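**Student:** My questions concern the predicted model and sequence given below.
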Amino acid sequence: MSAAPGRRAFLALAAGVPAAAAGCGGRSGPRARLRLATGEAGGAYEVLGQRFAAELRRGGLDARVLRTAASVENLAMLAGGRAELGFALADSADRAVLAERLPVAALARMYMNYVHLVVPAGSPVRSPADLAGRRVSVGAALSGTAVSAGRVLDAARLRRPAVVSTLGLDASARALRAGRVAAFFWSGGVSTPALAAFARTTPIRLLPLDGLVAPLRRAYGPVYEHAAVPAGEYGGAGPVPTVGTPSYLVCGASLPGDVAFTATRILFASRDRLEAPDAPGGRLDRRYAIGTGAVPLHPGAARYYRSTYG
């Protein structure tokens, strides 16, 4: 896992943020209205988003959840002013900032997501290379799963391209059960409730993807990490090495600084009740949280972290 900045380096960086930037204009304070863009029903973003919105309301903010296709849609909504907060995979957020120049910022690096490449338990498919010419669901259009899946398939260098469908998690699971797809991708925390429920009625297996981490890092940088789905998850006998990429809590760059500060403070004050997925960073460690790569920390969030470091 890539290391988060050290305390001294972070304080030096944060000290360079002008004090005025932490309260960047607009209506703010405890009566601010926040729309939180989350993800698909049953996925970690939607579940975590409902809990976080409840904590925001408990803290005096008027928050409501927007169910979406997840990362890519969420980032577009933030940039377009259709949401104030959202969740996004690090690779999608990195692309949004570096390639698309979207005006988004980060409040926190939250927890590790795992790329799940799911096949029926009895499938002859043993590796990504075996997907050549087969139909594969890469996740819903405008999802972060689709971004990660496309890159994984490219890194696997299939002899023939896979036939791609863009289906959400529930539709992918139904298609796998019916034999309409040979495999599907999902990127989420472990355990993902909807996938775990599917695995209880339909035996599945996850394909190991650890051999693809190095080429992904060469192509896209440290947004990809070595990870492993623990033994016993989804009925698996042993751990399955895979590709990990963090999740960020993101916001529009124009979010008022005091709102960003308050939302970040509430995030950490309520972390024991949020029950983020059991993964590195799932306990919302502040040192882990500031490592948001190419996505800049919002000045209001930086002010919060500065205040906790003393």
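**Tutor:** Sure thing, it's come through. Numbers count the residues shown, from 1 in each chain.
**Student:** which parts of the longest helix that the chain contains are buried?
**Tutor:** In the chain, ranked by residue count with DSSP state H as the criterion, the top helix is helix 44-58. Taking 16 or more other CB atoms under 10 Å as the basis for neighbour counts, the residues of helix 44-58 that come out buried are 44, 45, 46, 47, 48, 49, 52, 53, 55, 56. In this view, the C-beta of every residue, glycine as well, is placed from N, C-alpha and C.
**Student:** and the strand or helix carrying residue 87, which residues are buried?
**Tutor:** Under the criterion of DSSP states H and E, residue 87 resides in strand 85-89. Burial within strand 85-89, assessed by neighbour count using 16+ other CB under 10 Å, is assigned to 85, 86, 87, 88, 89.
**Student:** Okay, angle between that strand and helix 44-58 too, please.
**Tutor:** Here strand 85-89 runs at 150 degrees with respect to helix 44-58, directions being taken by axes from the mean of the first three to the mean of the last three CA atoms, to 10 degrees.
**Student:** So in that sheet, which strands flank strand 85-89, and in what orientation?
**Tutor:** Under the criterion DSSP bridges, strand 85-89 sits next to strand 33-37 (parallel), strand 240-252 (antiparallel) in its sheet.
**Student:** That one: what's the following helix or strand?
**Tutor:** helix 90-98.
**Student:** Beyond the longest strand along the chain, next helix or strand please.
**Tutor:** Longest strand in the chain, counting residues (DSSP state E): strand 104-120. Scanning forward in sequence from strand 104-120, with DSSP H and E defining helices and strands, the next element found is strand 135-137.
**Student:** what residues does that next one touch?
**Tutor:** Judged by CB atoms under 8 Å, 6 or more residues apart in numbering, the contacts made with strand 135-137 from elsewhere in the structure are 149, 153, 162-167, 171-172, 175-176, 180-185.
**Student:** Out of the residues you listed, which sit inside helices?
**Tutor:** Within the contacts of strand 135-137, residues falling in helices by DSSP H are 149, 153, 171, 172, 175, 176.
**Student:** Closest one of these to residue 114?
**Tutor:** Top of the list for closeness to residue 114, among those and by CB to CB, is residue 149 at 12.8 Å.
**Student:** Residue 57 contacts residue 63, correct?
**Tutor:** Yes: taking contacts as CB atoms under 8 Å, residue 57 lies within contact range of residue 63: 5.4 Å.
**Student:** which of the contacts of strand 135-137 are buried?
**Tutor:** If we count by 16+ other CB under 10 Å, the contacts of strand 135-137 have these buried: 149, 153, 162, 165-167, 171-172, 175-176, 181-185.
**Student:** between those residues, which is closest to residue 193?
**Tutor:** Within those, the smallest distance to residue 193 is 15.0 Å, found for residue 172 (CB to CB).
**Student:** Look up the closest residue to that closest one, ignoring the ones flanking it.
**Tutor:** Across the structure, with CB to CB, 6 or more residues apart in numbering as the measure, the residue nearest residue 172 apart from its sequence neighbours is residue 184 (3.7 Å).
**Student:** Also residue 229?
**Tutor:** residue 240 (4.5 Å).
**Student:** per-residue confidence for that neighbour?
**Tutor:** At residue 240 the predicted local distance difference test score is 97.
**Student:** Would you confirm that it contacts residue 204?
**Tutor:** No: assessed by CB under 8 Å, residue 240 is found out of contact with residue 204, at 11.2 Å.
**Student:** so what pLDDT did the nearest residue to residue 188 once chain neighbours are set aside get?
**Tutor:** If you skip the residues right next to it in sequence, residue 188 has residue 44 as its closest partner in space, 4.8 Å away by CB to CB, 6+ apart. Here, the pLDDT recorded for residue 44 equals 83.
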